[in-house]
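In: model this:
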Amino acid sequence: MTPLAENMERLLRFLRLVRKVPLPQGALLHISDTPSTMYGHLRRLLGRLSPSWIVHTGDLADDVKLERSPCCLDLYEKRVRMLLKLLEGTTATEVYLVLGNHDDERTLQKFASRSIIVRGCTDIFPEGRHIRIAHRSEELLHNPAPINLFGHDVSLEGGFREDKLFLNGIEFMHLLDLHKKEIYYLDYPFGTDDARLLRRRFRG
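Out: Okay, the predicted model is just below:
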């Protein structure tokens, strides 16, 4: 399948979702490792879904590899400001930003007006659901919560381990209906992995 055809197929799947499935109220949107190339897609998605909670599990501008190139801090700041404007401009009750290895905490503290900045891992309880969030999966494996959200790499795929649910935000964006206990898996736009410099693919 050509890149254009693959992109169209993903777009059609998303349109089928938002047109045919009643969108949940009081939902949580989980995203991770977002390159700036997808911010326009994310803007449209946020406008359509209106999540009540947003969890970003790190590397907010993942096309700027700040850990490897700290000299790119100015570019990182510019792109993070764009993303924060998107996330904090929603009606979400709470926005959580987990620090990734390519994030700069001082920059987030400088520009975030209402986001909750998380170091390491932490527990949140939206709608009374126990959810643990972290950037790396290994921070969650030793003592997982019923639901665990993470990103960073593809070393751990999403799914159940015993009775604990792990959702890798690199594989998909996740919309969690906390009332019905349902999860919608949303594809990232075509080219996201290339912008992340992530060479391993999950599909095709």
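
In: So what's the gap between stretch 143-161 and the chain middle?
Out: Here the centre of mass of C-alpha atoms in stretch 143-161, compared against the chain's by CA atoms, centre = their mean, to the nearest Å, lies 13 Å away.

In: what mean pLDDT does it have?
Out: This predicted structure assigns stretch 143-161 an average pLDDT of 94.

In: Between the two ends of that stretch, how far is it?
Out: The distance separating the two terminal residues of stretch 143-161, taken as CA to CA, to the nearest Å, comes to 12 Å.

In: for the one residue sitting closest to the centre of the chain, what are its contacts?
Out: Within the chain, the residue whose C-alpha comes closest to the C-alpha centroid is residue 31; the distance, by CA atoms, centre = their mean, is 0.9 Å. Shown in contact with residue 31 (CB atoms under 8 Å, 6 or more residues apart in numbering): 42, 54-57, 169, 173. Any C-beta I mention is one placed from the backbone N, CA and C, and that applies to glycine too.

In: Give me the phi and psi angles of it.
Out: phi -130, psi 160 (degrees, to the nearest 10).

In: In the protein, where is pLDDT below threshold?
Out: 1-24, 199-204 (pLDDT under 70).

In: how about the strands of it, start to end?
Out: When assigned using DSSP state E, the strands of the chain occupy the ranges 27-31, 53-56, 94-98, 116-118, 122-124, 131-133, 147-150, 159-161, 164-168, 173-177, 182-186.

In: CSV for those, including distance to residue 80?
Out: Conversion of the strands of the chain to CSV gives the following (distance: least, CB to CB, whole Å):
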stretch, distance to residue 80
strand 27-31, 14
strand 53-56, 11
strand 94-98, 9
strand 116-118, 12
strand 122-124, 20
strand 131-133, 19
strand 147-150, 20
strand 159-161, 31
strand 164-168, 22
strand 173-177, 19
strand 182-186, 22
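
In: Break down the chain into its helices, ranges please.
Out: 3-20, 39-49, 73-88, 105-111, 138-141, 192-196 (DSSP state H).

In: So which bits of the fourth one are buried?
Out: Read that as helix 105-111. Neighbour-count burial for helix 105-111, with 16 or more other CB atoms under 10 Å as criterion, is recorded at 107-108, 111.

In: The fifth one too?
Out: Neighbour counts using 16+ other CB under 10 Å place 139-140 of helix 138-141 among the buried residues.

In: So what touches that helix?
Out: Among residues not part of helix 138-141, those counted as contacts by CB under 8 Å, 6+ apart are 120-121, 132, 134, 148, 150, 156, 166.
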